[in-house]
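In: Let me see the structure of the following:
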Amino acid sequence: MNPKKLVIASRESLLAMWQAEHIRGRLKTLYPDCDVQISGMSTRGDQILDKTLSKIGGKGLFIKELEQALQDGRADLAVHSIKDVPMDLPEGFALAAIGERANPFDAFVSNRYERLEDLPRDAVVGTASLRRETQLRARYPHLIIKPLRGNVQTRLNKLDNGEYDAIILAAAGLQRLRLEGRIRLIISDTVSLPAAGQGALGIEIATHRKDLLEVLKPLNHDTTHACVTAERALARALGGNCQVPLAAYCTEENGLLTLRGLVGRPDGSTILKADAQAPTEYADSLGRAVAKSLADDGAMELIAAVLEEQA
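Out: Numbering: from 1, shown residues only. Presented below is the predicted three-dimensional model:
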């Protein structure tokens, strides 16, 4: 099938537009005669910058307007950073493809210090993620962790203005915007286990647009799809969202997936970890199995306590 026209819905941030342009380029290579357009939109998540995501309704605020465009027929597909996509999509929407994963790790960015270990007592570190905050507080209790919202450039500007001694960002976002020069250090997954889907792009469609499944199939990367499926299954089983400090990271070697999961308290006082392996065809089951291991260790009670504290 060779489509004649495709419209991509995207947030208007520089990073989101890069992602949309990247998928546009892939589609133009696959379908040279197709008119591929990008429709930029401002979302609630982009507009509310004075509160943390966990306080304003979560990451779904970044995609609601895009989903409305898919539903209305104003757009055919939407491009998302998978880590910004809720574990349960609203009825009527589906992920049609998951592209090959870029760098899945967090990046340490500072103008004065080379690495986290160099930060002095009471140094201020900015992050928008409870997942990062939990792991940082557990390992570096002498640091002050403060919320940091806004697009990549806004966050960098706050660092440059002296509001923070260091900030933690997704490495993939900086690299996609050709800002890798700002990265002092890629943080090991033993220090900061990534979020489910971090570094991967997802393509969302309305479920009634079955005609797009074959069109978008070449954009799917099987190994990344399996790893992200396992990560999202883990997070979904535990009710994971941005209000819960939860990490999930899966790798593949010779057809075998290794999934590691982590749940903790935002203050870093408690961290639960679990891992398991399974063949790629059992990605979803693997995610649920690691979630069960965490639940058996008390993850559900911990999550319930965290949510109650935030209420």
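
In: I'd like to check what contacts the helix or strand harbouring Thr154. Which residues are they?
Out: Using DSSP states H and E, Thr154 sits within helix 152-160. Residues outside helix 152-160 that contact it (Cβ atoms under 8 Å, 6 or more residues apart in numbering) are 13-15, 49, 109-111, 126, 148-150, 164, 166-167, 169, 173-174, 177, 179, 182. (C-beta placed from N, C-alpha, C; glycine too.)

In: What mean pLDDT does that helix get?
Out: For helix 152-160, the mean pLDDT works out to 96.

In: go on, stretch 279-298?
Out: Averaged over stretch 279-298, pLDDT sits at 97.

In: which residues touch it?
Out: So stretch 279-298 is contacted by 222-223, 226-227, 229-238, 248, 250, 252, 255-257, 259-261, 263, 272-278, 299 (Cβ under 8 Å, 6+ apart).

In: of those, buried ones?
Out: For the contacts of stretch 279-298, a neighbour count by 16 or more other Cβ atoms under 10 Å gives the buried set as 223, 226-227, 229-238, 248, 250, 252, 257, 259-261, 263, 272, 274, 276, 278, 299.

In: Looking at the contacts of helix 152-160, which are in strands?
Out: Those of those mapping onto strands are Val109, Gly126, Ala166, Ile167, Leu169, per DSSP state E.

In: you'd agree the fourth one is up against Val125?
Out: It refers to Ile167. Yes. Counting by Cβ atoms under 8 Å, Ile167 touches Val125, with 6.8 Å between them.

In: For Glu100, which residues are in contact?
Out: Ala200, His221, Thr223, Thr224.

In: Can you pick out the most distant pair from these?
Out: With distances taken as Cβ to Cβ, the most widely separated pair in the contacts of Glu100 is Ala200 and Thr223, at 10.6 Å.

In: that older thread, in the ones in strands among the contacts of helix 152-160, find the pair that's most separated.
Out: Ala166 and Leu169 (10.3 Å).

In: shared neighbours, those two?
Out: With contacts defined as Cβ under 8 Å, 6+ apart, the residues shared by Ala166 and Leu169 are Val109.

In: where do the helices sit along the stretch 151-300 of the chain?
Out: 152-160, 171-176, 211-216, 222-237, 283-296, 299-310 (DSSP state H, counting those that start in this stretch).

In: what about Asp284, how many neighbours?
Out: 17 (other Cβ atoms under 10 Å).

In: do Glu253 as well
Out: Glu253 has 9 nearby residues by other Cβ under 10 Å.

In: quick one: pLDDT of it?
Out: What the model reports as pLDDT for Glu253 is 97.

In: What's opposite it in the beta bridge?
Out: The partner list for Glu253 in beta bridges (DSSP bridges) reads Leu256.

In: all numbers from here: first residue = 33
Out: Got it, first residue is 33 now, which makes that one Glu285.

In: my guess is Ala262 meets Leu291, correct?
Out: Yes. Counting by Cβ under 8 Å, Ala262 does reach Leu291; the two are 4.8 Å apart.

In: what touches both of those two?
Out: When Cβ under 8 Å, 6+ apart defines a contact, the residues bordering Ala262 and Leu291 alike are Ala280, Cys282, Ala310, Leu318, Gly319, Val322.

In: what residues are up against the second one?
Out: If I follow you right, that is Cys282. Counting by Cβ under 8 Å, 6+ apart, Cys282 touches Ala258, Cys259, Val260, Ala262, Glu263, Leu289, Thr290, Leu291, Arg292, Ala315, Leu318.

In: For it, which non-adjacent residue is spatially closest?
Out: In space, and not counting its chain neighbours, Cys282 is closest to Cys259: 3.9 Å by Cβ to Cβ, 6 or more residues apart in numbering.

In: Could you check the pLDDT of the one you found?
Out: On pLDDT, Cys259 comes in at 98.

In: That one: what's it in contact with?
Out: Cys259 makes contact with Arg133, Cys282, Thr283, Glu284, Leu289, Ala315 under the criterion Cβ under 8 Å, 6+ apart.

In: any weak-confidence spans in the chain?
Out: Within the chain, the segments meeting pLDDT under 70 span 75-94, 343.

In: can you list the domain ranges for it.
Out: Per the TED database, the domain ranges recorded for the chain read 37-131+231-252, 138-219, 267-341.

In: Output stretch 170-180 as PDB, nothing but the C-alphas.
Out: Once non-C-alpha atoms are left out, stretch 170-180 reads as follows in PDB (Å, rounded to 0.1, in the frame of the first residue of the first chain):
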ATOM      1  CA  ALA A 170      19.300   6.700  48.000                       C
ATOM      2  CA  ARG A 171      22.900   6.900  46.700                       C
ATOM      3  CA  TYR A 172      23.600  10.600  47.300                       C
ATOM      4  CA  PRO A 173      21.600  11.600  50.400                       C
ATOM      5  CA  HIS A 174      23.800  14.700  50.900                       C
ATOM      6  CA  LEU A 175      22.400  16.300  47.700                       C
ATOM      7  CA  ILE A 176      19.300  18.600  47.400                       C
ATOM      8  CA  ILE A 177      16.900  17.400  44.700                       C
ATOM      9  CA  LYS A 178      14.600  20.000  43.300                       C
ATOM     10  CA  PRO A 179      11.800  19.800  40.600                       C
ATOM     11  CA  LEU A 180      12.700  20.900  37.100                       C
END
